[in-house]
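[1] Fold the following for me, if possible:
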Amino acid sequence: MDQKKRCSWVVNTFEQYVRYHDEEWGVPVHDDRVHFEFLILESAQAGLSWSTILKKREAYRSAFADFDPNVVAGFGDEDVARLMENEGIVRYDKKIRSAINNAKCFLEVQKEFGSFDKYIWEFVDHQPIVNSPESLKDVPAKTVLSDQIAKDLKRRGFSFLGSTTVYAYMQACGLVSDHTTDCFRYHDLNPE
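    From the prediction side, this is the model:
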């Protein structure tokens, strides 16, 4: 690994994790399929480490139709049984069924707002929230806003997306930037 200063959660880890931090985490997403991907992955991560899910990302991509919500929304019991046999993903019935349910809810949001992107970015007035944490201990696990979004998602029928999971999703999709001030990505994403 190069000598760039990164957020402390990236130290002494594997290359895929470093690339995720350097290239994706905190970068604003405006592609509905990527939004759906992170909703599935963050939901699957609940109770597990992000590194575990990141290592399974390609298996998830394959298992969940390249994160196409139209296809996933049509999954039935045979698909659930197939996914429960897939060793590449987290084989937990409730999380698998939740992903299918959330695909249906995702399509409803798209229908109502034109895109999931329009819906989700409304919560931050279409501008990323830029925090300036000095260290990892300054980064919250959830916020009042993630509480609000989780509540709205639940109202719309989404599941396995509590406030902590929603906040992780917000970080992943760049709705909030939580790179620490000593991290090179903080300066890349927030030029002064």
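[2] Got the phi and psi for T181?
    phi -60, psi -20 (degrees, to the nearest 10).
[3] Please tell me I have it right and it contacts S132.
    Yes: if you go by C-beta atoms under 8 Å, T181 and S132 touch, sitting 5.3 Å apart. To be clear about C-beta, it is placed using only N, CA and C from the backbone, and glycine gets the same treatment.
[4] which residues of the protein fall in strands?
    Residue ranges of the strands in the chain, as given by DSSP state E, are 129-130, 176-177.
[5] Distance to V109, mean pLDDT and mean neighbour count added to those, as a markdown table?
    Shown next, in a markdown table, are the strands of the chain (distance: least, C-beta to C-beta, whole Å; pLDDT from 0 to 100; neighbours: other C-beta atoms under 10 Å):
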| stretch | distance to V109 | mean pLDDT | mean neighbour count |
| --- | --- | --- | --- |
| strand 129-130 | 21 | 96 | 14 |
| strand 176-177 | 20 | 96 | 22 |
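[6] In TSV, list the ones you listed along with distance to F158.
    Formatted as TSV, those follow (distance: least, C-beta to C-beta, whole Å):
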stretch	distance to F158
strand 129-130	21
strand 176-177	19
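[7] Just tell me which of those ends up closest to R57.
    Among the strands of the chain, strand 176-177 comes nearest to R57, with 21.2 Å by C-beta to C-beta.
[8] The closest one packs against which elements?
    On a contact count with 3 or more C-beta pairs under 8 Å, 6 or more residues apart in numbering; DSSP states H and E, strand 176-177 meets strand 129-130, helix 163-172.
[9] and it, which strands flank it?
    Its sheet considered, strand 176-177 pairs with strand 129-130 (parallel) by DSSP bridges.
[10] Now do the partner strand: distance to the chain's middle.
    Relative to the mean C-alpha coordinate of its chain, strand 129-130 is positioned 17 Å out (C-alpha atoms, centre = their mean, to the nearest Å).
[11] Pull the residues that contact that strand.
    Strand 129-130 is contacted from outside by L145, L175, V176, S177, L189, N190, using C-beta atoms under 8 Å, 6 or more residues apart in numbering.
[12] What count of nearby residues applies to the fifth one?
    Taking other C-beta atoms under 10 Å as the neighbour definition, L189 ends up with a count of 17.
[13] And for the first one?
    The burial count assigned to L145 is 17, neighbours taken as other C-beta under 10 Å.
[14] gap between it and D152?
    11 Å (C-beta to C-beta, to the nearest Å).
[15] Quick check: V90 touching S43?
    No: in this structure V90 lies outside contact range of S43 using C-beta under 8 Å: 9.6 Å.
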